[in-house]
Every structure is written in C-alpha cells, then in structure tokens.
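**Q** what's the 3D shape of this:
(one chain, ligands or ions: 1)
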Amino acid sequence: MSGDADAIVVGSGPNGLAAAVTLAAAGLRVQVVEGAGTPGGGCRTEELTLPGFRHDVCSAAHPLALASPFFRRFGPAARGVRFAQPQVVYAHPLDGGRAGVVTRSVAETAARLGDDAAAYQRLMQPLADGGMAVADAVLSSMRRPPRYSRALAVYARHGLRSAAAVARRFRTEEARGLFAGVAAHTMLPLDASPTAGVALLLGSLAHTVGWPVVEGGSARLTDAMIEAIVAAGGQVETGHWVRSLAGLPPAAATLLDVSPRTFLALAGEALPARYRDALSRFRYGFGACKVDFALSGPVPWRNEAARQAGTLHLGGGFEEIAAAEAQVGRGQHPDSPYVLVVQAGVADPARAPRGQHTLWAYCHVPSGSAVDMTARIEAQIERFAPGFRDLVLARSTRTAADEEASNPNYVGGDITCGAQTVRQVLARPVARWNPYRTPLRGVYLCSAATPPGPAVHGRCGELAALTALRDIFGIRDQPDLSALQPCATGTRSPQ
Ligand SMILES: Cc1cc2nc3c(=O)[nH]c(=O)nc-3n(C[C@H](O)[C@H](O)[C@H](O)COP(=O)(O)OP(=O)(O)OC[C@H]3O[C@@H](n4cnc5c(N)ncnc54)[C@H](O)[C@@H]3O)c2cc1C
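**A** Presented below is the predicted three-dimensional model:
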C-alpha cells in the first residue's frame, strides 16, 4: 500500500467499488485494498468448472443494478457493459409441467394466471406504473420521506407484511408459487415480515426494468468500476487481507466494505463499548449452498416457457416452499429445498462453448452449514426437468461454510451480510441517524450490512462515500460519475 491516498477503501465488492468511484469522481486519490486474489466480492465471473464456461460466482441476475440511482449515474452502457434480458423474466415450475411465468408485461403475466389474473393485476399494475418510485424509495438513504405516489402507497400498505399474509389474495398454485419464489429471496421464513416487501420490490422490477444478466458475466460490471477508478488515478490492490485498522497507512477517510463482525475485529478496543455491543447484536441470516454446472445442452424444463426464463424458483407450491424455508429457520436441511436457478445462456449464449450452457443454482441452509446440498439441488431440478442429470459435464459446489471462507462478509454463509428482519431493514447495522458513520472519526462502513442492504446496486457504498465527502472533505455536491473515463487495465497485485 502506497500511503499517499486521500481515502482507503477496504474491500472491492460492488459497494466498496461504488464508494471508490464516488470518491474518485470528487477528485480524491483512492486506494482500494482487497483480501481476495480477484476483485469484485459478490460480483465476479470465473471458469469454475471447465474451460470456456464462464460462471457468475455470486450475483447473476441484476434488477437492482439496473434500478440503482448509483449505476444510472455511473452509466455502465457507456462503459461497454451490456445487460441482456431473457424473454421470460422468471418462472416457477410446478409438478406436471405447469408453471407460473412472469414476463415484462403485467397484463401478459396476469393472463397466464387464470383465476388470479385480476388479483395479480390489481397488486402489481400500480407498482409497475410507478416506474422507479418504489426502487428509488427502497434504495434511498431512508432519512427523508419519499414523495407520495400511488405505487408507494401500495408498497407501504404491504411492504412490511409477510409473504404468507399477502399471498392469501391468490388462489391458484401458479400465482401463490410465484409469490413464494420471489419472497424467498429474503432468506427468512415466509410467515416473517418483511418477506412481502422483498417480493413486491423484486416482482415489480420484473415489469419495470427486468432481471437481466450481464453479457459476458457479472464481472464486467466490476471491471467497469475498476477501470474508472484507475483512470482517475486510483489503485486497486488484491491479495491483501486487512487485519487491523492500525495496520492501514494514514488517510483522511477509510471506508470499510466489511461485515460488522469484521469491523469489530479490525477496530478492537478503539470502539466505544456501547457501539461494540450494538454491532455484536447484529443478526446474520440463513446460509447458502451453491452449485455451478457445466451442461452439454439447455435444461430440458418440462414447461416450455421455463426454457426461456433467466431465473427460476424451484420447490413446488407456496406451502412446500414455506415448509422448506421454515425447516432452514429451525436449523434443518430440507430434503426438498427451495432452489434459485439462473440460466444465463438464454440471454447470453457466449457464457459457454457453442450449444453448451452454464447453470447457477443455490439453496438455503442453516447458518454455518458445511452440508453439501448438490444431490438435493440436482433432484429438485430433475423433478421439473427430467433428463437434466444426463447433461451435467462438470459441477462446482460451495457450501455455506465455503462461502464464508472465501468472503468474510458472508458470515455463516449469509450472502445478504445480515438478516433482513424488519428491524435490520430499517436500522442497519445499528440504529443511528447516519448508519455509515462510525464512532471513529474518518472511518465509515459501506458494505451491504448498511442501508439499503444486499444486492448489487452500489448504494451502500455511494451513500457512505457521500457522507465521508461531506464530513471530511467539505464536498457537498454529488460528484459527476459519468465524467469518469474508462481505461484499459485495472488491478495491481500486492507489492
Ligand atoms: C451466491 C450468491 C448469489 C447472489 N446473487 C445475487 C444476484 O443474483 N443479484 C444480486 O443483485 N445480488 C446477488 N448476491 C448478493 C450480492 O452479491 C451482494 O449483496 C453484494 O455483492 C454485496 O456487496 P458488498 O460490496 O457489500 O460486499 P461483497 O460483495 O461481499 O464484497 C466485500 C469484499 O470485501 C472483501 N473483504 C472483506 N473483509 C476484508 C478485509 N478484512 N480485508 C480485505 N478485504 C476484505 C471481501 O473479500 C469482498 O471482496 C449474491 C451473493 C451470493 C454470494
């Protein structure tokens, strides 16, 4: 580490990089320090199985990147990043070849839901008509009430409820299954609040921006941010785990893209006891066990429309998924788990050699689990796509314990860096007017453990950086991110 930076960012996940981009755009010299051998944290792409098969190691579907005010300002498209939209946004296969199917059009989605067509349209149309209103409110600093809109009123009415409560308006297995599948992204039992809020946010984004994959892999988004940082004179160093704040070179501001648990370890006794206690009460959620497959052909989903879907939620009807998630909540490993699947190849065929495919899948497990769920995930896919197993050329599995070993932000394999309970959605990681500020002057938290929480949107990083710019550098104006130039090369290894 060179020691001449105005600001140091520890961690190069999307939030760390968004913080660095924001600081660099304000004219500061920025140094990013990453522990892993490759930058990007939860936004990376690697040949995990066979040569030529490019797998998204973590994030794959990117509705929140498209909706994010940070990325809208940064302008990925102008930097060569293309979002590829599948024809079907997400599908929920059911036994017997049936499926709930969501496309960009609310009307078309509703029309496939038979008796639930009107109920779906009543719930989703106002949210979709509101455009970015819900996403802007959820991705805001949440310290000013958003401007009234009908979409926000609908969202406010249901957002803090449980998926189980809101799904009661649906009668068909297809509509109830769709709601369960998207609500279960929260990684909480479906009778817990605010699982409906997550379902409505992600469900409405399906209609407003879609759930695209990044052409060539999620890492392209990471590369674009690194190129902008480096072009502005910043540095990104990999392979350097930071063990204590005292070990960092002096800089006016330090932004930490780390979990509250890591922050406690880095700062030690320097933090006041009350803040330490509050941070140590931060709760982490379920873990995830992920399997990436190299396939000799497309997945033979029994349901035709499912073959065009970018994302699929597996596990059967609402009750079956709720039971599986409740089991995980009790510390058990379900035999028939809820499985999230992304088939990037339907929108981005270049992810694998011609005619072949990658498949991304994970299921939820108890925190810290070292249980390999590969067989159970495969059985769930085979249930809705008989013949799937015959296509598998290679697979690569990461248990929840492996997730944590590869990225300390995923405590116990919790890929959301903190349970999304109502309390932790509203006050994350501790209840403070500005949660990015810490009691240590010049030290800020900027990971997904801060608002607005998990997913690739960069807003935690951007909002933390804006706080640091105001506090330390007296810069109050929003830096112009679009002015940052791209450049050819990015990372640098430790010296
Ligand atoms: C399997 C999986 C699937 C996902 N799917 C999606 C998806 O489809 N769509 C979506 O939007 N989101 C998805 N996510 C969530 C998304 O990846 C995260 O919410 C997001 O990456 C959080 O960004 P972050 O910058 O806060 O943290 P991270 O991306 O976790 O990055 C933190 C970085 O900090 C580094 N670090 C931590 N401690 C130190 C230290 N002491 N010293 C140096 N470096 C350190 C880590 O190595 C890491 O690189 C997924 C995550 C996982 C794991």
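**Q** Which residues of the stretch 201-350 of the chain lie near the ligand?
**A** Residues of the stretch 201-350 of the chain found near the ligand, taking Cβ under 6 Å from any ligand atom as the criterion, are 241-242, 257-258, 262, 288, 290. Backbone N, C-alpha and C define where each C-beta goes, glycine included.
**Q** Just the buried ones from those?
**A** Using 16 or more other Cβ atoms under 10 Å as the burial test, those include 242, 257-258, 262, 288, 290 as buried.
**Q** In strands, which of these appear?
**A** Using DSSP state E, 288, 290 are the members of those that sit in strands.
**Q** CSV for the buried ones among the residues of the stretch 201-350 of the chain next to the ligand, including pLDDT?
**A** Output for those, formatted as CSV (pLDDT from 0 to 100):
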residue, pLDDT
242, 98
257, 98
258, 98
262, 98
288, 98
290, 98
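**Q** list the helices and strands the strand or helix carrying residue 71 packs on?
**A** Assigned by DSSP states H and E, residue 71 belongs to helix 69-74. Under the contact criterion of 3 or more Cβ pairs under 8 Å, 6 or more residues apart in numbering; DSSP states H and E, helix 69-74 touches helix 14-25, helix 219-231, helix 459-473.
**Q** Residue 328: which of the residues of the stretch 201-350 of the chain next to the ligand is nearest?
**A** Lowest distance from residue 328 to those (Cβ to Cβ) belongs to residue 288, with 10.1 Å.
**Q** The closest one against residue 364, yeah?
**A** Yes - under the criterion of Cβ atoms under 8 Å, residue 288 makes contact with residue 364 at 6.1 Å.
**Q** what residues are shared contacts of those two?
**A** residue 187 (Cβ atoms under 8 Å, 6 or more residues apart in numbering).
**Q** Do you have the strands of the stretch 151-300 of the chain handy? List them.
**A** Secondary structure of the stretch 151-300 of the chain (DSSP state E, counting those that start in this stretch): strands located at 213-214, 235-237, 253-256, 287-295.
**Q** To residue 109, which of those lies closest?
**A** Nearest of the strands of the stretch 151-300 of the chain (Cβ to Cβ): strand 213-214, 19.9 Å.
**Q** And the closest one, what does it pack against?
**A** Applying 3+ Cβ pairs under 8 Å, 6+ apart, one finds that strand 213-214 contacts strand 83-84.
**Q** Just checking: what are the partner strands of the strand it packs on?
**A** Strand 83-84 pairs in its sheet with strand 213-214 (antiparallel), by DSSP bridges.
**Q** Return the distance of the strand it pairs with from the chain's centre.
**A** Strand 213-214 has its C-alpha centroid displaced from the chain centroid by 13 Å (Cα atoms, centre = their mean, to the nearest Å).
**Q** same check, this time on stretch 219-239
**A** On Cα atoms, centre = their mean, the centre of stretch 219-239 falls 20 Å from that of its chain.
**Q** Just the buried positions in that stretch, please.
**A** 219-232, 234-238.
**Q** Enumerate the residues of the stretch 51-200 of the chain near the ligand.
**A** Within reach of the ligand by Cβ under 6 Å from any ligand atom, the stretch 51-200 of the chain has these residues: 58-62, 64.
**Q** could these be laid out in JSON lines, adding pLDDT?
**A** Converted to JSON lines, these look like this (pLDDT from 0 to 100):
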{"residue": "58", "pLDDT": "98"}
{"residue": "59", "pLDDT": "98"}
{"residue": "60", "pLDDT": "98"}
{"residue": "61", "pLDDT": "98"}
{"residue": "62", "pLDDT": "98"}
{"residue": "64", "pLDDT": "98"}
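**Q** Most widely separated two among the residues you listed?
**A** The two members of those with the most space between them (Cβ to Cβ) are 58 and 64, at 13.5 Å.
**Q** can you give me the strands for the stretch 351-495 of the chain?
**A** With DSSP E, counting those that start in this stretch, the ranges of strands along the stretch 351-495 of the chain come out as 357-365, 392-398, 443-445.
**Q** And these: which comes nearest the ligand?
**A** strand 357-365 (5.3 Å; Cβ to the nearest ligand atom).
**Q** List the neighbouring strands of the closest one plus their orientation.
**A** Applying DSSP bridges to the sheet, strand 357-365 is found paired with strand 287-295 (antiparallel), strand 339-342 (antiparallel).
**Q** Of all the residues in the shortest one, which ones are buried?
**A** Pointing back at strand 339-342 there. By neighbour count with 16+ other Cβ under 10 Å, strand 339-342 contains the buried residues 339-342.
**Q** so where's the chain uncertain?
**A** 1, 487-495 (pLDDT under 70).
**Q** 80 instead?
**A** 1-3, 141-144, 486-495 (pLDDT under 80).
**Q** separation between the nearest residue to residue 105 once chain neighbours are set aside and the ligand?
**A** Nearest residue to residue 105, sequence neighbours excluded (Cβ to Cβ, 6 or more residues apart in numbering): residue 207, at 7.1 Å. Per Cβ to the nearest ligand atom, to the nearest Å, residue 207 is found 17 Å from the ligand.
**Q** give the contact list for residue 207.
**A** Per Cβ under 8 Å, 6+ apart, neighbours of residue 207: 89, 102, 104-106, 109, 124, 127-128.
**Q** Any of those residues buried? List them.
**A** For those, a neighbour count by 16+ other Cβ under 10 Å gives the buried set as 89, 102, 104, 106, 109, 124, 127-128.
**Q** how about the strands in the stretch 1-150 of the chain?
**A** Assigned by DSSP E, counting those that start in this stretch, the strands in the stretch 1-150 of the chain fall at 7-10, 30-33, 45-46, 55-56, 83-84, 88-93, 99-102.
**Q** Wondering if the third one reaches the ligand at all.
**A** When you say that, I think you mean strand 45-46. No - using Cβ under 6 Å from any ligand atom, strand 45-46 never reaches the ligand; the gap is at least 12.1 Å.
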